[in-house]
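S.K.: only geometry, no sequence info:
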């Protein structure tokens, strides 16, 4: 990733999204050559020189202090995630020699933990959103149409973001697909800012930009956001609608791997649907197709 260009594009995108009148700035004339704030207007609001800000927007961020970056973040009304992203771009760590994209694996103990989580869908992701492992319910919830052994091999390993944009099953699985897609891109943007030397991450982004116009459009907007917990809505082909809470649990260490676990409120329709999904996976096995499972469940009911 060209960090200098990323920094400039990010600042321009946020500057363009601000309304000068809402910030108390007087606007003279009916037309403005740029949307949003001008460079000099943002520099004035942040209390920095126009020359200094222009250097930042041109990607020449050497020597940018925490005070200057903080002032710009406040003037641009950045969120906490966006502020962290700005600092990663403007104050990079010592450049590292790009390493080959080596495949990762979930540890044996983490895989045992997933298998022990029998009542909740769970999976292990790396920072690129490659699925390193899933338990039976995790597979049944998200990708029952895929080989359950797929995460075990780098050659067949699914990637959650790639599936979201390129697999039609996921468009039907998420009723609010557009919101899920935007959040996925925002999360990937944050990861790319933190790990600019991750060749595998850069290759994933490059392929998605080429293969999915919807991904490319969202990527160009520079969304930045992380989401460690919340609620997701599903419309599963086997058991129908579900509302599940999710939590991201970071695995200690430097790998950036995390467990995502989904849960339902006790005695809720979603809890009953999860139980039915679990029974379906037990009765028919993970190799069954979603359509076959759906028809079998209906017949059993």
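M.R.: Looks like it came in fine. Since the model is a prediction, treat every value here as computed from it, not as a measurement. Numbers count the residues shown, from 1 in each chain.

S.K.: what ranges does the protein have for its helices?
M.R.: Along the chain, counting by DSSP state H, helices occupy 3-16, 39-46, 50-57, 66-75, 80-90, 108-116, 136-143, 160-166, 168-173, 177-194, 199-211, 213-220, 269-284, 290-300.

S.K.: need the contact partners of the third one.
M.R.: Applying CB atoms under 8 Å, 6 or more residues apart in numbering, the external contacts of helix 50-57 come out as 7-8, 11-12, 39-40, 42-43, 46, 61, 64, 68, 72, 90. Glycine gets a C-beta too; all of them are placed from N, C-alpha and C.

S.K.: now the buried members of the residues you listed.
M.R.: Using 16 or more other CB atoms under 10 Å as the burial test, the contacts of helix 50-57 include 7, 8, 11, 39, 42, 43, 46, 61, 64, 68, 72, 90 as buried.

S.K.: please convert these to TSV, extending it with pLDDT.
M.R.: Output for the buried ones among the contacts of helix 50-57, formatted as TSV (pLDDT from 0 to 100):
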residue	pLDDT
7	86
8	86
11	90
39	89
42	89
43	88
46	89
61	70
64	79
68	88
72	91
90	84
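
S.K.: closest one to residue 164 out of the residues you listed, please.
M.R.: residue 7 (27.1 Å; CB to CB).

S.K.: the closest one contacts residue 64, doesn't it?
M.R.: No. If you go by CB atoms under 8 Å, residue 7 and residue 64 don't touch, sitting 9.5 Å apart.

S.K.: identify the contacts common to those two.
M.R.: With CB under 8 Å, 6+ apart, residue 7 and residue 64 have common neighbours 56, 90.

S.K.: if residue 263 is in a bridge, with which residues?
M.R.: Note on residue 263: beta-bridge partners by DSSP bridges are residue 245.

S.K.: hang on, it packs against residue 243?
M.R.: No. Judged on CB under 8 Å, residue 263 makes no contact with residue 243 at a distance of 10.6 Å.

S.K.: contacts for stretch 254-266, please.
M.R.: 104, 106, 110, 113-114, 117, 120-127, 132, 138, 141, 191, 195, 232, 242-251, 270-271, 273-274.

S.K.: circling back to that earlier point, lowest-confidence stretch among the helices of the chain?
M.R.: Mean pLDDT values for these show the minimum at helix 290-300, a mean of 36.

S.K.: switch the buried ones among the contacts of helix 50-57 over to JSON lines; also include distance to residue 281.
M.R.: Output for the buried ones among the contacts of helix 50-57, formatted as JSON lines (distance: CB to CB, whole Å):
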{"residue": "7", "distance to residue 281": "47"}
{"residue": "8", "distance to residue 281": "49"}
{"residue": "11", "distance to residue 281": "48"}
{"residue": "39", "distance to residue 281": "57"}
{"residue": "42", "distance to residue 281": "54"}
{"residue": "43", "distance to residue 281": "58"}
{"residue": "46", "distance to residue 281": "55"}
{"residue": "61", "distance to residue 281": "51"}
{"residue": "64", "distance to residue 281": "52"}
{"residue": "68", "distance to residue 281": "54"}
{"residue": "72", "distance to residue 281": "50"}
{"residue": "90", "distance to residue 281": "48"}
